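Peer 1: The sequence and its predicted three-dimensional model are supplied below.
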Amino acid sequence: MHDGPSNRLIVASGQGPGYYRREGQPHIRVWNSVSLQTLQVLGVGEFKRAISCISFSRTDGGTFIVGVDEAPDHNIVVWDWQKGIKQMESKCSSETVVAVEFHPMEDGSIITCGKGHVNFWQIEPSYTAMSRKTGVLDPRDNQVLHMSCFFLKW
């Protein structure tokens, strides 16, 4: 569950498939936290497994949402959630991804982390593609599970 724009009325949850595949497909659900109404359902039929982590964009008041699929390629997907449009998708990591976060002050910057990696993503100004840089870790940390990531105003 991730809280959305600064008004904190909008939240999103990453849904997994039902126990039996016919019971539901993985997707991202955006909610109004007061009325509990669903505002948008994203990615039905797009994701292979459960959504491991999600985050709203910060610099634009929450226009975009990013999610990571638990499928073997751990795809990272960015959506314009109000329009229901997938903006871009990329392979994130071959290892488990447990956290994703938009930068609170730099438009189009995202960080992901998980087993043995920390990745820094930059979205093109057109919001149609993104590039990745991998953080340099101590070689002894290649099996460490980095459980969370966040930005600190320095």
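Peer 2: Nice, I can see it.
Peer 1: what ranges do the strands span in this structure?
Peer 2: All strands of the chain, identified by DSSP state E, fall at 2-3, 10-15, 27-32, 38-42, 51-56, 64-69, 75-80, 85-91, 97-102, 109-114, 117-123, 130-134.
Peer 1: Kindly compare burial across the ones you listed and name the winner.
Peer 2: Stretch with highest mean neighbour count among these: strand 64-69 (a mean of 26; mean count of other CB atoms under 10 Å). C-betas here are computed from N, CA, C, even on glycine.
Peer 1: Redo the strands of the chain as a markdown table? Include mean pLDDT and distance to residue 149.
Peer 2: As requested, the strands of the chain are exported to a markdown table (pLDDT from 0 to 100; distance: least, CB to CB, whole Å):
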| stretch | mean pLDDT | distance to residue 149 |
| --- | --- | --- |
| strand 2-3 | 52 | 13 |
| strand 10-15 | 92 | 16 |
| strand 27-32 | 94 | 19 |
| strand 38-42 | 95 | 22 |
| strand 51-56 | 94 | 10 |
| strand 64-69 | 95 | 12 |
| strand 75-80 | 95 | 13 |
| strand 85-91 | 94 | 17 |
| strand 97-102 | 92 | 5 |
| strand 109-114 | 91 | 4 |
| strand 117-123 | 92 | 7 |
| strand 130-134 | 93 | 13 |
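Peer 1: Residue 92 reaches residue 77, doesn't it?
Peer 2: No - taking CB atoms under 8 Å as the definition, residue 92 is not a contact partner of residue 77, at 9.3 Å.
Peer 1: Need the overlap of contacts for those two.
Peer 2: With contacts taken as CB atoms under 8 Å, 6 or more residues apart in numbering, residue 92 and residue 77 have residue 68 as neighbours in common.
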